[in-house]
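Undergrad: Turn this into a model:
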Amino acid sequence: MHVPEAGRTDAPAVPDGSGVSFVMPVLNEAAYLRRAVETVLAQDLDEPAELVLALGPSTDGTTELARELAAADPRIVLVDNPAADIPIGLNLAIRASTLPTIVRVDAHSELSADYTRRALATLARTRAANVGGVMRAEGRTPFQRAVARAYNSPVGLGGASYHGGAHEGEAESAYLGVIRRAVFDEVGGFDETIRRGEDWELNLRIRQAGYRVWFDPSLAVTYWPRESWSRLARQFFATGRWRGELVRRYGRRNAARFFAPPALVVVTAAGAVVGVLQLTGAVSGWLAAAASVVYVPLAAYAVVVLVEAARGHSWRDRLWSAAILPTMHVSWGVGFIGGLVGGAHDTVDTSRLGDRNTPLP
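TA: Here you go, the predicted structure:
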């Protein structure tokens, strides 16, 4: 018999075979959507299932592809998401769905056939409100493979459990997540004022309500990262800016790892200033020697980047890795500082919109 931990509340039980609703926000995903949908529809489930796609205003044929897929399978439901924001799209999709367990899916992801069945078993066993597993990033090109290695490395994204954790247990957040609808409704759904980090904030409210968020390393989702340097930089800038906003709102509830990239930016800026002062002779002698201590963390970071890059399978992979880690960290850190100082306001992830000339929705 399951006994809840002290101070924790079991999520409401759901009878076996009650069914699951998959929800997926979609915007400009023509290259990935078909495969993502196929892996959802191929789930090893002996119970009702539906897939609700929240369609943003795509410009690459994604909407037409979604309509084609929906016409071929009655389990697919389409809803419009004219605002294009992920939390709005998720709320729209969940409101349009009908079954008691919600499985969030990303159009850049692929599920193993047993993913949902395993997640439902974990939900039933632990009575957690939300269960997630490992984000297993993969790549098709040298650039994307290098980004995937950075995602899968503790150095790249800070060591959250879903980026390679091995131990099952309570977690701060869940990647994508398989969540009980009753708890989702109880805590009020996704906060539509948050455009990035909405999953972390939802899981914070779930934990504050007394429920468990659970990490199960036996669950793995394939994730395809951004395909170009500019898209990667724009994605991480927007994510960092919204993390700065979340720190403004929730302060010390944010983990210490979120402060590492902005610290790198500050130290890099300080190193640049010290270097200029030393080269121009504005500081000299013992003062110049003392100021040189700022180079120590930068040198240590450079060593870490080179060690990570050396794991690449080819010289091209290694060169991309050496460029990608600083791109991720500096873009995120600059965004974080801007969000912390001035707030995120209407910052959007323009990497989902193609090149910089693509108009915002």
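Undergrad: burial of Ser284, as a residue count?
TA: Neighbour count for Ser284, taken as other CB atoms under 10 Å: 11. The way it works is simple: take the backbone N, C-alpha and C, and place the C-beta from them, glycine included.
Undergrad: can you pull the contacts of it?
TA: Gln278 (CB atoms under 8 Å, 6 or more residues apart in numbering).
Undergrad: per-residue confidence at it?
TA: pLDDT, the model's per-residue confidence, is 86 for Ser284.
Undergrad: Distance check, it against Ala290.
TA: Taking CB to CB, to the nearest Å as the criterion, Ser284 is separated from Ala290 by 11 Å.
Undergrad: Confirm for me that Asp46 is in contact with Ser18.
TA: No: distance between Asp46 and Ser18: 11.8 Å, which falls outside the contact criterion (CB atoms under 8 Å).
Undergrad: Compare these two (neighbour count), which wins?
TA: Summary of the neighbour comparison: Asp46 and Ser18, criterion other CB under 10 Å, with Ser18 having more neighbours (14 against 8).
Undergrad: quick one, what contacts that one?
TA: When contacts are counted by CB under 8 Å, 6+ apart, Ser18 is found next to 47-48, 99-101.
Undergrad: can you check Val183 too?
TA: Val183 is in contact with 11-12, 129-130, 206, 209, 211, counting by CB under 8 Å, 6+ apart.
Undergrad: How about Pro225?
TA: Here Pro225 is in contact with 108, 137, 139, 144, 147-148, 151, 232 (criterion: CB under 8 Å, 6+ apart).
Undergrad: Sort out which of these are buried, if you could.
TA: Among the contacts of Pro225, the ones that count as buried by 16 or more other CB atoms under 10 Å are 108, 137, 139, 144, 147-148, 151, 232.
Undergrad: For the stretch 1-150 of the chain, give me the ranges with low pLDDT.
TA: In the predicted model, the stretch 1-150 of the chain carries pLDDT under 70 at residues 1-7.
Undergrad: what does the stretch 251-361 of the chain give?
TA: Those would be 354-361, if you go by pLDDT under 70 across the stretch 251-361 of the chain.
Undergrad: For the residue positioned nearest the centre of the chain, give its distance to Met135.
TA: In the chain, the centroid-proximal residue (CA atoms, centre = their mean) is Tyr175; its distance is 6.7 Å. The spacing between Tyr175 and Met135, counted by CB to CB, is 5 Å.
Undergrad: swap in Asp346?
TA: For Asp346, the distance to Met135 (CB to CB) stands at 27 Å.
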